[in-house]
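Novice: I would like to see how this sequence folds:
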Amino acid sequence: TSCSRPQTELLFHFLNMADENRRLVEAGRVCLVNFGPLVGKLVVIVNVVDGKRVLVDGPSTVNGVPRQIMPLARLSLTIIKIDIEPGSRLPTLMKAYKAADVQKQWAESSWAKGIAKKAAKTKLSDFDRFKVMVARKTRARVVNTHMKKMLKK
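Specialist: Okay, here's the model as predicted:
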């Protein structure tokens, strides 16, 4: 069987992807919990149980997530990975977690910034939302007047 050109280009693109951009389910991969009582918390995959479940740890001393088995459907893989062996114990995990500075890496990511922005927006009061609306209208008016002046020239 012969492959068409677009398929082979896609295959080469996939093979040439940088390793840090590939989000593989593996020991040491940091994930965001996207469902359940722990939603929004970071966990680290400690071991892969099977194709649909993994053993994760918070670490519990950092964010209160105890070691447990979670389905992959409840996790969103991040590009952050720490260097641990499968089945690592808590002290080893903590050492690697701090060495990789996971909290700082996560805080600097655009994903975390977007979540923080959304959380801040939901905490706005009615008057705060009104002030944001007025500020946006004022800004739009200024931009539009300057654009009209530029177009006339």
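Novice: what about the strands in this protein?
Specialist: Taking DSSP state E, the strands of the chain run over residues 29-33, 42-48, 53-57, 68-71, 75-81.
Novice: Quick check: which helices or strands does the last one pack against?
Specialist: In other words, strand 75-81. strand 29-33, strand 42-48, helix 102-108 (3 or more CB pairs under 8 Å, 6 or more residues apart in numbering; DSSP states H and E). To be clear about C-beta, it is placed using only N, CA and C from the backbone, and glycine gets the same treatment.
Novice: mind putting the ones you listed in TSV, mean pLDDT and distance to Gln68 included?
Specialist: Putting the helices and strands packed on strand 75-81 into TSV (pLDDT from 0 to 100; distance: least, CB to CB, whole Å) gives the following:
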stretch	mean pLDDT	distance to Gln68
strand 29-33	95	11
strand 42-48	95	9
helix 102-108	94	19
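Novice: Of these, which is nearest Pro91?
Specialist: strand 42-48 (12.8 Å; CB to CB).
Novice: Contacts for the closest one, please.
Specialist: 25-33, 54-59, 63, 65, 67, 70, 75, 78, 82, 84, 86-88, 93, 97, 102-103, 106 (CB atoms under 8 Å, 6 or more residues apart in numbering).
Novice: Just want the angle from it to strand 75-81.
Specialist: The directions of strand 42-48 and strand 75-81 differ by 90 degrees, with axes from the mean of the first three to the mean of the last three CA atoms, to 10 degrees as the criterion.
Novice: what number of residues lie near Val102?
Specialist: Val102 sits with 20 neighbouring residues when counted by other CB atoms under 10 Å.
Novice: what sits against it?
Specialist: By CB under 8 Å, 6+ apart, Val102 lies in contact with 30, 42, 44, 80, 82.
Novice: could those residues go into TSV alongside distance to Gly114 and neighbour count?
Specialist: Shown next, in TSV, are the contacts of Val102 (distance: CB to CB, whole Å; neighbours: other CB atoms under 10 Å):
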residue	distance to Gly114	neighbour count
Val30	17	21
Leu42	15	22
Val44	22	28
Ile80	16	20
Ile82	23	21
